[in-house]
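Engineer: 3D, please:
(chains A and B)
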Amino acid sequence: MSYPMRRSPLAVAGILLVAAILGFVMLPAVVVTITAFNDKAILAFPPQSYSWRWFERAISYDDFRKGFWNGLIVTAWASTLALIVGTGFALALHRYTFSLKSTLEALLLSPLVIPHFTIGLGLLILSAQLTVGRGYPLVVLAHVILVLPFVLRSVFISLKNLDGRLELAASSLGASPRRVLFTITLPLLVPGLVSGWLFAAILSFNEFTATLFVSNQATQTLPVAMYNYVREYADPTLAALSVIYIVVTALLLTLANFFFGLGKILNVDAH
Amino acid sequence: MKQRPFLGWFVSPAALVALGLTAAMAAILQYSVRAYVPGSLNVGGLTLDNFTALLRPLYAWAFWGTILLCLLTAVFTLILAYPVAYALVRVRSKALKSFILIASVTPLFLGEVVRTYSWMIVLGNNGFINSVLKSLGIIDRPLQMMFTTSGVVAALVHVTMPIMVIMLAAGLSHIDRNYEKAAESLGAGPVRRFMTITLPLSMPGIVAGFSTAFAWTFSAFATPQLIGGGKVSTVSTLVYQLGFASFNFPFAASLSLAGLVMTFAVIALMKRAMRPVERLGEQ
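Structural biologist: Numbering: from 1, shown residues only, chains lettered A, B, ... in the order given. Sure, this is the predicted structure:
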């Protein structure tokens, strides 16, 4: 056995290797943060002088503001709908057998491997065929389809960890199925539901490729507005916005880890 | 008859979403066999021209190039993600575990645009790598990394790392440690223990991670578009160009359909090739 005080050369090499790889993972975030404070309007590294001006521009730029609000609207609808749909289906998957069960499950999980541009293109063509415009409902539907697998996974894992005897006890004491569902099952599922919702919300807020296909000028979300910005300008405004993104996301994940245990949600904890 | 309370309430919303997805896929299928009317958003009669056009060198090469790009990305991602996943599962300190988890998973939630943009600053001619190399006196002219396949692969590896780490770690965490302890007590060294026990038993995670990385790379659009800058054509960038530059939606549909079939074929192939190993893992 190796103890912290005397590690084998192999373990030391392993630690250095993992540290180097994590360095690769975090490098872009570090570089983008330093660039964001560059006073000059070019993307050069390292900056000669520093300022906050790009943060001000990122926050006040019109397309970003609109994209942010559009993104919030789409995200709120999509993650909430996905949570309702996903919870219901996870419960059905867990409890019952029904016709087309495995077909439906495979279909709903397929967005994990179907390219996002394919789903976006399909919905775009569908909306043209049905002659409905590219409004919010279309964007929300695309997002629900894309984040549902993650909600399903999160809720299903918490259902598996739920002690079924509590439900049995309640119903043997005369509680109706509705009462068992609302006073036992769902309250016990709350951590899974919250983390599933949070995941769905983060993924939806950041979804880009499918949204690029199904949104228009009026419904474009923040990532689409950011993409359009990169194609037109090469100043550090986007770096500043990226920093805000990275900080908020890392904070949310740290909170999720603190309250729910990220390892448990992602199913990577040792048993 | 067994009671199944609320079955309809539980399943119908999901069935509706599945219906939407199926309708979208059906729309692609339908457009892929329709003729393109230049300058119009309406489509013509039934035709198989879109599929014969796929065989033209430009598209055949882009297809082949995309497959290579996906394979390269998946292989490099696997090599880099495995040690991280291993450390994540085996490290004893709770704080260190949380740190590894958050550091490796945060990029997953940043979205493709932010990550691609960050890589543009890392790889650019005035970017991080070039200025470090220049200040160290290793190069005097900037290395061209933007608009190259290697640049795209580097960024794509970064994009697919988190999901690979999650899937590998999920696989590794389900391995019964007693096998390794037994091997150790029988005198196997750490390398041998890893090669004959841990690695084979983590195969299901490797297969899952590899196929997901492949599918995600295939799906990536912002990275090849912005870092490739038109020099690296993938199926995704072609579909977008066909749709939004020339409004040739029928051909875009057939190209997406071919890509979809290809993705499923590769995933099925990988699962099949790994089946004997997976069975080993279940024993």
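Engineer: Spell out which residues sit in contact with B:Thr212, please.
Structural biologist: A:Leu112, A:Val113, B:Thr160, B:Ile163, B:Met164, B:Met167 (C-beta atoms under 8 Å, 6 or more residues apart in numbering or on different chains). All C-beta atoms are positioned from the backbone trio N, CA, C, and that covers glycine.
Engineer: can you tell me which of the residues you listed are in helices?
Structural biologist: B:Thr160, B:Ile163, B:Met164, B:Met167 (DSSP state H).
Engineer: B:Pro5: which of those is nearest?
Structural biologist: Using C-beta to C-beta, the shortest approach to B:Pro5 within the ones in helices among the contacts of B:Thr212 belongs to B:Met167, at 35.1 Å.
Engineer: Now do the nearest residue to the closest one once chain neighbours are set aside: how many residues are near it, please.
Structural biologist: In this structure, B:Met167 finds its nearest non-sequential neighbour in B:Gly209, 3.8 Å apart by C-beta to C-beta, 6 or more residues apart in numbering or on different chains. Other residues near B:Gly209 come to 27 when the count uses other C-beta atoms under 10 Å in any protein chain shown.
Engineer: likewise A:Gly174?
Structural biologist: Neighbours of A:Gly174 (other C-beta under 10 Å): 7.
Engineer: Is it in a helix, a strand, or coil?
Structural biologist: Following DSSP: H, G, I helix; E, B strand; the rest coil, A:Gly174 is assigned to coil.
Engineer: Return the backbone torsion pair for A:Ile114.
Structural biologist: Per-residue torsions, A:Ile114: phi -80, psi 130 (degrees, to the nearest 10).
Engineer: quick check, B:Gly45 in a helix?
Structural biologist: No. Counting by three-state DSSP, B:Gly45 is not found in a helix; it is strand.
Engineer: Was I right to think it contacts B:Ala35?
Structural biologist: Yes. The pair B:Gly45 / B:Ala35 is scored as a contact, 5.6 Å apart, by C-beta atoms under 8 Å.
Engineer: okay, the residue nearest to B:Met167: pLDDT?
Structural biologist: Confidence at B:Gly209, expressed as pLDDT, is 90.
Engineer: Can you name the residues that contact it?
Structural biologist: Residues in contact with B:Gly209 (C-beta under 8 Å, 6+ apart) are B:Thr77, B:Leu78, B:Ala81, B:Ile163, B:Met164, B:Met167, B:Leu168, B:Gly171.
Engineer: Let me see the contact set for whichever residue of the stretch 51-200 of chain A sits closest to chain B.
Structural biologist: Among the residues of the stretch 51-200 of chain A, A:Gly122 lies nearest to chain B; the distance is 3.2 Å by C-beta to the nearest C-beta. A:Gly122 is in contact with B:Ala24, B:Met25, B:Ala27, B:Ile28, B:Ser256, counting by C-beta under 8 Å, 6+ apart.
Engineer: Mind naming the longest helix for chain A?
Structural biologist: helix A:62-95.
Engineer: what residues does the stretch 51-200 of chain A put near chain B?
Structural biologist: Proximity of the stretch 51-200 of chain A to chain B (C-beta under 8 Å from any C-beta of the partner chain) is limited to residues A:84-86, A:88-89, A:91-92, A:95-96, A:98, A:104, A:107-108, A:110-119, A:121-126, A:128-129, A:141, A:144-145, A:148, A:177-178, A:181.
Engineer: Among the residues you listed, the buried ones, what's the PyMOL command?
Structural biologist: To isolate the buried members of these in PyMOL, using 16 or more other C-beta atoms under 10 Å in any protein chain shown:
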select buried, chain A and resi 84+85+86+88+89+91+92+95+96+104+107+108+110+111+112+113+114+115+116+117+118+119+121+122+123+124+125+126+128+141+144+145+148+181
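Engineer: the strands in the stretch 151-283 of chain B, which residues?
Structural biologist: In the stretch 151-283 of chain B, no strands are defined using DSSP state E, counting those that start in this stretch.
Engineer: Can you name the residues of it that neighbour chain A?
Structural biologist: B:158, B:161, B:166, B:169-170, B:173-174, B:190-191, B:211-212, B:215, B:218-222, B:226, B:235-236, B:239-240, B:243, B:249, B:252-253, B:256-257, B:259-260, B:263-264, B:267.
Engineer: From A:Ala256, how far off is A:Arg153?
Structural biologist: Using C-beta to C-beta, to the nearest Å, A:Arg153 is found at 15 Å from A:Ala256.
Engineer: just B:Gly230 next, same as before
Structural biologist: In terms of C-beta to C-beta, B:Gly230 sits 39 Å off from A:Ala256.
Engineer: Counting neighbours, go ahead and name the busier of the two.
Structural biologist: Per other C-beta under 10 Å, whichever of B:Gly230 and A:Ala256 has more neighbours is A:Ala256, with 18 against 11.
Engineer: Quick check: phi and psi on the more buried one?
Structural biologist: When read as degrees, to the nearest 10, the backbone of A:Ala256 gives phi -60, psi -40.
Engineer: What of A:Asn38?
Structural biologist: The phi and psi values for A:Asn38, taken as degrees, to the nearest 10, are phi -70, psi 130.
Engineer: what's downstream of the longest helix of chain A, the next helix or strand?
Structural biologist: helix A:101-109 (DSSP states H and E).
Engineer: Measure how that following helix sits relative to helix A:62-95, angle-wise.
Structural biologist: 160 degrees (axes from the mean of the first three to the mean of the last three C-alpha atoms, to 10 degrees).
Engineer: Give me the residue at the spatial middle of chain A.
Structural biologist: Centroid-nearest residue in chain A: A:Leu203, 2.2 Å away (criterion: C-alpha atoms, centre = their mean).
Engineer: Just the buried residues of stretch B:172-179, please?
Structural biologist: Within stretch B:172-179, judged by 16+ other C-beta under 10 Å, the buried ones are B:Leu172, B:Ser173, B:His174, B:Ile175.
Engineer: List the residues that contact the last one.
Structural biologist: With contact taken as C-beta under 8 Å, 6+ apart, B:Ile175 is in contact with B:Thr198, B:Leu201, B:Ser202.
Engineer: most neighbours, which of those?
Structural biologist: B:Ser202 (26 neighbours).
Engineer: distance of A:Arg165 from A:Leu93?
Structural biologist: Distance, A:Arg165 to A:Leu93, using C-beta to C-beta: 20 Å.
Engineer: Can you lay out the ones in helices among the contacts of B:Thr212 as a markdown table showing distance to B:Tyr179 and neighbour count?
Structural biologist: A markdown table is the format used below for these (distance: C-beta to C-beta, whole Å; neighbours: other C-beta atoms under 10 Å in any protein chain shown):
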| residue | distance to B:Tyr179 | neighbour count |
| --- | --- | --- |
| B:Thr160 | 29 | 29 |
| B:Ile163 | 27 | 21 |
| B:Met164 | 24 | 28 |
| B:Met167 | 21 | 25 |
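Engineer: Can you give me the neighbour number for B:Arg192?
Structural biologist: Other residues close to B:Arg192 by other C-beta under 10 Å number 12.
Engineer: now do A:Leu255
Structural biologist: 12.
Engineer: which parts of the helix or strand that it is a member of are buried?
Structural biologist: Using DSSP H and E, A:Leu255 sits within helix A:237-260. For helix A:237-260, a neighbour-count test (16+ other C-beta under 10 Å) marks A:237-243, A:245-246, A:249-250, A:253, A:256-257, A:260 as buried.
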